[in-house]
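Visitor: sequence unknown, structure follows:
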């Protein structure tokens with residue numbers, strides 16, 4: 001099925017990012033989610049990947065990264081592999097956009113907020129994590145993490161960034177921001 005039709009006063013298919021396929025000028029992928037986390041008014045569409053093979057004139061549902069998962073960012077790695085950040089579920093990787101596997105080894109928790117892929121270096125990407133409540137109400141800090149192997153392993157990469165914002169713990173994932 002194509003994307004749901006637009007609904008009045010809300011989104012039926014919140015799309016957080018659209019990517020062009022570097023190997024096929026006609027192919028585009030749209031990822032269902034919201035940086036702000038606002039729910040949709042209709043069938044939310046969170047976690048869904050849509051595909052267009054005609055430069056965006058028509059769409060079909062290709063896959064679900066995580067059912068109901070809020071995709072907050074996605075990017076193409078050189079060579080065409082994809083990475084997607086899914087809030088409270090972690091990072092996922094795909095060769096084609098149709099099949100997705102977890103790619104969060106080394107991240108301290110799954111509170112992923114943003115992702116950027118280095119277009120010049122295959123395998124290099126960065127993510128930011130929100131601070132999240134852990135077991136017993138303990139706050140697990142957010143931060144910046146980096147991979148050089150396409151998401152197989154992640155390491156902290158926030159040296160030199162402030163640990164706090166004002167009087168609050170570093171709950172913002174955009175400290176030192178990863179912006180594409």
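Guide: It's in. All values derive from a computational prediction rather than experimental measurement.
Visitor: could you measure from residue 129 over to residue 22?
Guide: Distance from residue 129 to residue 22, counting by Cβ to Cβ, to the nearest Å: 27 Å. C-beta coordinates here come from the backbone N, C-alpha and C atoms, glycine included.
Visitor: between those two, which one's more packed in?
Guide: More neighbours sit around residue 129 than around the other of residue 129 and residue 22, counting by other Cβ atoms under 10 Å; the figures are 26 against 13.
Visitor: do I have it right that that one meets residue 112?
Guide: Yes: assessed by Cβ atoms under 8 Å, residue 129 is found in contact with residue 112 at 5.9 Å.
Visitor: please name the bridge partners of the spatially most central residue of the chain.
Guide: With distances taken as Cα atoms, centre = their mean, residue 85 lies nearest the centre of the chain, 2.4 Å away. According to DSSP bridges, the residues that bridge with residue 85 are residue 73, residue 91.
Visitor: now do residue 128
Guide: Beta bridges link residue 128 to residue 114, residue 144, judged by DSSP bridges.
Visitor: for residue 27, which non-adjacent residue is spatially closest?
Guide: Distance criterion Cβ to Cβ, 6 or more residues apart in numbering; nearest residue to residue 27, sequence neighbours excluded, is residue 21 at 3.8 Å.
Visitor: done for today, thanks.
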